[in-house]
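[1] coordinates for the following, if possible.
(chains A and B)
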Amino acid sequence: MLYKKLDPGRLGSLAAMAIGLFFLLQALKLNIGTLSNPGAGLWPLVLSAVLIVSSASSLRRGNDAQEEEGEGLAIGTWHAVLGAASIALFILMFEHMGLTVPSFLLLLFWMRALGKEQWRSSVVAALAFTVFSVVVFVWGIDAPFPDDVLLTRVWGNP
Amino acid sequence: MEALFQSMAGGFGAALSPENLLLCFVGVLIGNMIGVLPGLGPTATLALLLPFTSTLPPASGLILMAGIFYGAMYGGSITSILLGLPGEAASVVTTFDGHQMAKQGRGGVALGISAIGSFVAGTVALLGLNFLAPTLGRFAVRFGPPEYAVLTALGIVMVAYMGNRSLGKGIASAAFGLLLAVIGQDPVTGEKRFTFGSIELLGGLDFVAIAMGVFGVGEILYNLERRSKGLDASTVIGRIWPSMADFLKARWAIARGSVVGFLIGILPGGGAILASVTAYTLEKRISRKPESFGKGAIEGVAAPESANNAAAGAAFIPLLTLGIPADSVMALMFGALMLNGITPGPQLISMHPELFWSVVASMYIGNVILLLLNLPLVGLFIQLLRIRSTFLMPFAILITLIGVYSISNDGFNMWIVLLFGAIGYLMRKTGFDPGPMVIAFVLGQILERSFRQSLLMSGGDLAVFALRPISGTILVLALAAAGLIVVQGRRRKRRQAAEERDLDMK
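    Take a look at the predicted model:
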């Protein structure tokens, strides 16, 4: 019974209200001013109120008829979490190692682990896309990426 | 009138020389290629390529610029439709139905209709620009903060309303987007708001990072979950070109979109975003099958695509006659004109008529070249979709992250993409539509600044929005439209209830 009342739709509405409350409190720290002389905080105050009220009003409806039933945790959710985590890892690696190695690893992970492709096609595709990205963005557009671990060893510092 | 045609002829004469034609073609091609890369929409593409235009003589530089402009705008549409990644704000609305069509194997049709619609709309806008520029310029100058405020507010409400889900959640999504726009410095007083001591947040969040996160990464993460076997293979590729039936279905959407886009594009503060939103909402409410929108309705692609091209063309009117850019793309064009030694403004037409008309002529030509170039290439773009999504999606994510990095050359925006990917994922799971949030974010800064300036002007009197003639008219029209929609909705419900009763009785 409790689960039914707390379906993802309603959880989302509650979360939205919480976010609204957060912004409301932050806005109050700023100078609100008056209508004739609006301060920095007036606008966010109004917006937070709108956010809270509108998400509260959606609380009653819960999940829309169009939504799928029982969007709870499943193996798919785990995949999404892994996907997000792999991106986080990529960003961290990228800032220290440049473009080539993290790109290849990211692509490989998604294709092989998440996409369940074969090893050979994954490696080939990951390699191809990495090379393409390097050619276009480093050589073509000359974007200033962090020093690349691989490229600097092969070609020296550009 | 005769003088007008003479000037036009002069402009075309200059624009139609072989070198200039080639320049236009090259511009369209390169603009297209770079605009296609996710993360690099028309704004970024123009920013990248505009410096090259200054090395040429002014008329040629402008022609190259016009080509790049059209190419980049269409490139953004390509990624919106095929990958669901909007290249910039105006393409967000296209993703609603365009990407659905691609998933159903009708990506080619969507691209084709987009190209045709854009061409028609571009022509309509250019004709308007051609014949109406001087008169309209005089009207646009009477726009002040209250008008801007009312227009953008309207746009946001429309977006919140047009989602398929509950209105409360739509408004909440929009409110959240507006709050995100607050992050950074107060536009009037310069105070820091919601920055939590972070330097990167001082300049506010970047639209591209948010859009890429919500629509790109977010959608991919969501799809990852729904198919627990992993990403699925891409669907069967159907027709590559729109059929006559498709075109006939879409033709009124194109016509209406063009007109709506033109009218909104002329207004300062209008711009392509508002135009595409309005056209889409209009089509949906007029349609006999509104439930088909959001699921791959061809009108849902034709209308916003036509509208944003018409608006982009029309936005040249305030730009060239008043020197007022309507959005960031126009601001770049403004910069390009200055680079080429032209100062847009009221004296432009009178003091440098040959430049004005060669710009107009080259826009006509760019428009045509866009169509000729892209219709055949649609087949090529579709081949890209043949690559299984298990390969394509990670590549799209990579390109997105790289593209976003090049905005500010630090990793901060990459984290924003990831964060909003998570937010987009959660929003979809809980029934919140991400579209209103993103569009509200873009319009939010204009809205707040205009709103506060209006209050300052009127001394805190909220009636200013209704009392000024132009904003008052807009409000009245909006209320009338809303009233019509409510009445229509009630009639439809009554009809449906009556039909159900008849079925029961049988």
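
[2] check contacts around A:L45.
    Going by Cβ atoms under 8 Å, 6 or more residues apart in numbering or on different chains, A:L45 touches A:24, A:27-28, A:32. Heads up, the C-betas are built off the backbone N, CA and C, glycines and all.

[3] most surrounded residue in these?
    Highest neighbour count within these: A:A27, with 24 neighbours (other Cβ atoms under 10 Å in any protein chain shown).

[4] excluding covalently adjacent residues, which one is nearest to that residue?
    Leaving aside its chain neighbours, A:A27 sits nearest to A:P44 (3.9 Å; criterion: Cβ to Cβ, 6 or more residues apart in numbering or on different chains).

[5] element containing the one you found?
    helix A:42-59 (DSSP states H and E).

[6] now for residue 82, how many residues are close by?
    In the absence of a named chain, this looks at chain A. 16.

[7] that was the other one, I meant chain B.
    B:L82, neighbours per other Cβ under 10 Å, totals 25.

[8] okay, it and B:V404: tell me how far apart.
    Going from B:L82 to B:V404 by Cβ to Cβ, to the nearest Å gives 19 Å.

[9] same check, this time on B:V28
    25 Å.

[10] and for B:V487?
    45 Å.

[11] with B:F293 instead?
    Per Cβ to Cβ, B:F293 is found 30 Å from B:V404.

[12] neighbour count winner among these two?
    Shown here are B:F293 and B:V404; by other Cβ under 10 Å, B:V404 has more neighbours (29 against 22).

[13] pull the contacting residues for the more buried one.
    B:39, B:206, B:208-209, B:212, B:413-414, B:416-417.

[14] and the longest helix anywhere in chain A, anywhere near chain B?
    Ranked by residue count and defined by DSSP state H, the top helix of chain A is helix A:75-97. Yes - contact of helix A:75-97 with chain B (Cβ under 8 Å from any Cβ of the partner chain) involves A:75-77, A:79-80, A:83-84, A:87-88, A:90-91, A:94-95.

[15] after that helix, which helix or strand is next? Please name it.
    Past helix A:75-97, the next helix or strand by DSSP H and E is helix A:100-108.

[16] pLDDT of that following helix, averaged?
    Averaged across helix A:100-108, pLDDT comes to 88.

[17] do stretch B:276-294 as well
    83.

[18] go through that stretch and flag the buried ones.
    For stretch B:276-294, the neighbour count (16 or more other Cβ atoms under 10 Å in any protein chain shown) marks B:276-285, B:287, B:290, B:292-294 as buried.

[19] and the gap between B:G84 and B:G424?
    The gap separating B:G84 from B:G424 is 11 Å, by Cβ to Cβ.

[20] next, show the common contact partners of the two.
    Joint contacts of B:G84 and B:G424 (Cβ under 8 Å, 6+ apart) are B:215, B:219.

[21] need the residue closest to the centroid of the chain.
    Since no chain was named, I'll use chain A. With distances taken as Cα atoms, centre = their mean, A:A84 lies nearest the centre of chain A, 7.1 Å away.

[22] nope, chain B please
    Geometric centre of chain B, nearest residue: B:A90, 1.4 Å, by Cα atoms, centre = their mean.
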